[in-house]
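Peer 1: missing the sequence, but the structure's below:
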Ligand code: NAD
């Protein structure tokens, strides 16, 4: 099967579905056209839904071990196409090639993990008070799933949903970001090649996401909505899902604190921050958004950080040696520039700034004297800006760290064992990196609390998101 056509289209029932309504997928590094794609119409959406319903029935006859085998083949196919998938990702998303390759392997890791979990969706036997009644539970697939994913991880955010859905026996309609639809199509073609039923994984490309998603939200045939994206869109989709009481999973925006305590190993903290801040040019939901540094180690930390940031190279992700690719589009760059301007107006200072970059590229910046009231401390930056705030003691660090609406990831560096225990329990976040800046892992539960979302992806919890528990009460004569 050819992985990508000259022009690309939605992938419905195992085939390309073309319309005349086309738009361009742009390379953010040079604004050249990567490919023309067509936007799905109403008929395409209807066909995809009936295909998904049909696949759901088919999947009832496919054992968990067979689904596991299909996932294993999909995993192998993703890895055997890793160079091509990584290059495609750089072209439509902009991240450096080595990061893209890392994401392909991370994405494949979810498929491998859920191939193993597919055969472990155990029910339970419940001890009954009455010997003539047997009580038990079984787990069954939720049904047809609609998934909506962002552009910042064009593969991993998809496999993190589709692999557990298939492992559970659900069929999946995916609406990827209009910025990065090509990676999604390539992934779906590989899944069909691996043996997935035609309607089990379909991809709908649209330039009108609100219309498409609202239509599906009104359909009772779609039993689950799983969304990764901004908190604002997540709130809207939760309200759309209310009319048909859909199961929902929400992986939303973050505003991660990165706390450096006085006892921290400073070079290790700086290395952790470089990973937590600059991956994908700062465009990750778990990016360190507010760097909180205890006053006593501020001077040493800033000096070490400045040396590290000054080594970063900005440029096309396809050129070896570049660390920071472009931001995704013009409005993303304008938003980051606006946050810097407003921080300066509110009293922050520029400690370091790389040479100005053209197009969608952006030089790294270190801002100091940031305070909790500033816009930059209350907004997901999504750019290569380190925003540094001082604190005087542990109590104040926790007030600052927890004083936002988001609760996705948090990081802290300390070598004081009692402090590590206290702080890891007190931080109001779903995931905590302790002396570690890279926490994402397919075998661990990924997700947030507060306005960062509902549910968990990856790990054993990720499979339960696609299963209903059914209680059986059987009476014997
Ligand atoms: P976004 O919310 O703008 O878009 C996400 C998806 O929703 C896209 O597919 C888009 O087409 C679709 N969409 C947009 N408006 C819609 C509407 N009105 N109705 C239906 N669908 C709509 O987010 P983005 O800019 O693509 O991604 C960045 C955001 O995603 C950041 O906030 C980031 O933190 C978040 N994110 C979260 C996680 C996580 O696991 N928590 C992971 C990656 C990204």
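Peer 2: Cool, got the structure. These numbers were taken from a predicted model, which means no experiment stands behind them.
Peer 1: can we go C-alpha only for contacts and neighbour counts from here?
Peer 2: Fine.
Peer 1: got the contact list for whichever strand or helix holds residue 302?
Peer 2: If you go by DSSP states H and E, residue 302 is part of helix 298-309. Applying C-alpha atoms under 8 Å, 6 or more residues apart in numbering, the contact partners of helix 298-309 are 266, 267, 270, 274, 293, 352, 364, 366, 390.
Peer 1: nearest to residue 40, of those residues?
Peer 2: Nearest to residue 40, judged by C-alpha to C-alpha, of these is residue 364 at 38.4 Å.
Peer 1: which residues touch the closest one?
Peer 2: Going by C-alpha under 8 Å, 6+ apart, residue 364 touches 309, 312, 352, 353, 354, 384, 385, 386.
Peer 1: Any figure for the gap between it and residue 342?
Peer 2: Counting by C-alpha to C-alpha, to the nearest Å, the separation of residue 364 from residue 342 is 17 Å.
Peer 1: in the helix or strand just after the helix holding residue 302, what counts as buried?
Peer 2: Scanning forward in sequence from helix 298-309 by DSSP H and E, the next helix or strand is helix 330-345. By 16 or more other C-alpha atoms under 10 Å, the buried positions in helix 330-345 come out as 332, 333, 336, 337, 339, 340, 343, 344.
Peer 1: which SS state does the nearest residue to residue 402 once chain neighbours are set aside fall under?
Peer 2: Leaving aside its sequence neighbours, residue 402 sits nearest to residue 428 (C-alpha to C-alpha, 6 or more residues apart in numbering; 6.0 Å). Classification of residue 428 using DSSP: H, G, I helix; E, B strand; the rest coil returns coil.
Peer 1: returning to what we had before: so which of the contacts of residue 364 is the closest to the ligand?
Peer 2: Nearest to the ligand among the contacts of residue 364: residue 384, at 14.4 Å, using C-alpha to the nearest ligand atom.
Peer 1: List the residues that contact the closest one.
Peer 2: 277, 278, 281, 282, 283, 362, 363, 364, 365.
Peer 1: which residues touch residue 393?
Peer 2: residue 294.
Peer 1: cool, the one 4 residues further on as well?
Peer 2: For residue 397, the contacting residues are 259, 292, 391, taking C-alpha under 8 Å, 6+ apart as the criterion.
Peer 1: Could you pick out the buried ones from these?
Peer 2: Here, 16+ other C-alpha under 10 Å leaves 259, 292, 391 buried among the contacts of residue 397.
Peer 1: And these, which is closest to residue 458?
Peer 2: Among the buried ones among the contacts of residue 397, and counting by C-alpha to C-alpha, the member closest to residue 458 is residue 259, at 25.8 Å.
Peer 1: separation between residue 323 and residue 289?
Peer 2: 19 Å.
Peer 1: between these two, which one's more packed in?
Peer 2: residue 289 (31 against 22; other C-alpha atoms under 10 Å).
Peer 1: quick one: that one from the ligand, how far?
Peer 2: From residue 289 across to the ligand, the span is 11 Å (C-alpha to the nearest ligand atom, to the nearest Å).
Peer 1: Per-residue pLDDT of that residue, please?
Peer 2: Listed pLDDT for residue 289 reads 98.
Peer 1: Wait, it touches residue 277, no?
Peer 2: Yes - with contact defined as C-alpha atoms under 8 Å, residue 289 counts as touching residue 277 (7.5 Å).
Peer 1: Pull up the overlap in contacts between those two.
Peer 2: residue 386.
Peer 1: per-residue confidence for residue 1?
Peer 2: 61.
Peer 1: likewise the one 4 residues further on?
Peer 2: At residue 5 the predicted local confidence, pLDDT, stands at 72.
Peer 1: pLDDT weak spots in this structure?
Peer 2: 1-2 (pLDDT under 70).
Peer 1: Spell out which parts of it neighbour the ligand.
Peer 2: 148-151, 176-178, 209-210, 213, 228-230, 233, 251-254, 285 (C-alpha under 6 Å from any ligand atom).
Peer 1: any idea which element residue 152 lies in?
Peer 2: Per DSSP H and E: nothing holds residue 152, as it lies in no helix or strand.
Peer 1: With residue 161 instead?
Peer 2: Going by DSSP H and E, residue 161 is part of helix 156-168.
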